[in-house]
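>>> no sequence on this one, just coordinates:
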């Protein structure tokens, strides 16, 4: 399973979402990829201020915030 988070440096919501991802996936085999949208016009146009955006295996599952329980449910743990 691959989790991809679109973010940018200095984004407190991105930091919060990454903390949730780390907690929920700590005992699970998941690839976690963070993509910085800064300086990438295609991604800036797509996501702009709507970060963080979380995809699980290419499917968008969250934007801005996600709880531990919600992510666990999405990953089939809850």
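Perfect, I can see it now. Quantities reported herein were computed from a predicted structural model and do not represent experimental measurements. Numbering: from 1, shown residues only.
>>> which is the next helix or strand following the helix or strand where residue 15 lies?
Secondary structure from DSSP states H and E places residue 15 in helix 12-25. Per DSSP H and E, the first helix or strand lying C-terminal to helix 12-25 is strand 31-36.
>>> in that following strand, which residues are buried?
residue 35 (16 or more other CB atoms under 10 Å). Quick note: C-beta positions are derived from backbone N, CA and C, even for glycine.
>>> picking that back up, what comes into contact with the helix holding residue 15?
The contact list for helix 12-25 (CB atoms under 8 Å, 6 or more residues apart in numbering) reads 3, 5, 7-8, 32, 34, 51-52, 54, 62, 64-68, 71-72, 75, 77.
>>> which of these are buried?
3, 5, 7, 8, 51, 52, 54, 62, 66, 71, 72, 75.
>>> residue contacts, residue 58?
Applying CB under 8 Å, 6+ apart, the residues contacting residue 58 are 2, 4.
>>> returning to that earlier point: quick one: average pLDDT of the helix holding residue 15?
Averaged across helix 12-25, the pLDDT comes to 97.
>>> low-confidence regions, the chain specifically.
Flagging of the chain using pLDDT under 70 yields the residue ranges 77-78.
>>> coming back round to it: in the buried ones among the contacts of helix 12-25, find the pair that's most separated.
With distance counted by CB to CB, no two of these lie farther apart than 8 and 72, which are 25.9 Å apart.
>>> export the buried ones among the contacts of helix 12-25 as JSON lines, with columns for distance to residue 39 and secondary structure.
Shown next, in JSON lines, are the buried ones among the contacts of helix 12-25 (distance: CB to CB, whole Å; DSSP: H, G, I helix; E, B strand; the rest coil):
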{"residue": "3", "distance to residue 39": "23", "secondary structure": "strand"}
{"residue": "5", "distance to residue 39": "17", "secondary structure": "strand"}
{"residue": "7", "distance to residue 39": "13", "secondary structure": "strand"}
{"residue": "8", "distance to residue 39": "9", "secondary structure": "coil"}
{"residue": "51", "distance to residue 39": "14", "secondary structure": "coil"}
{"residue": "52", "distance to residue 39": "17", "secondary structure": "coil"}
{"residue": "54", "distance to residue 39": "21", "secondary structure": "strand"}
{"residue": "62", "distance to residue 39": "24", "secondary structure": "strand"}
{"residue": "66", "distance to residue 39": "26", "secondary structure": "coil"}
{"residue": "71", "distance to residue 39": "28", "secondary structure": "helix"}
{"residue": "72", "distance to residue 39": "33", "secondary structure": "helix"}
{"residue": "75", "distance to residue 39": "31", "secondary structure": "coil"}
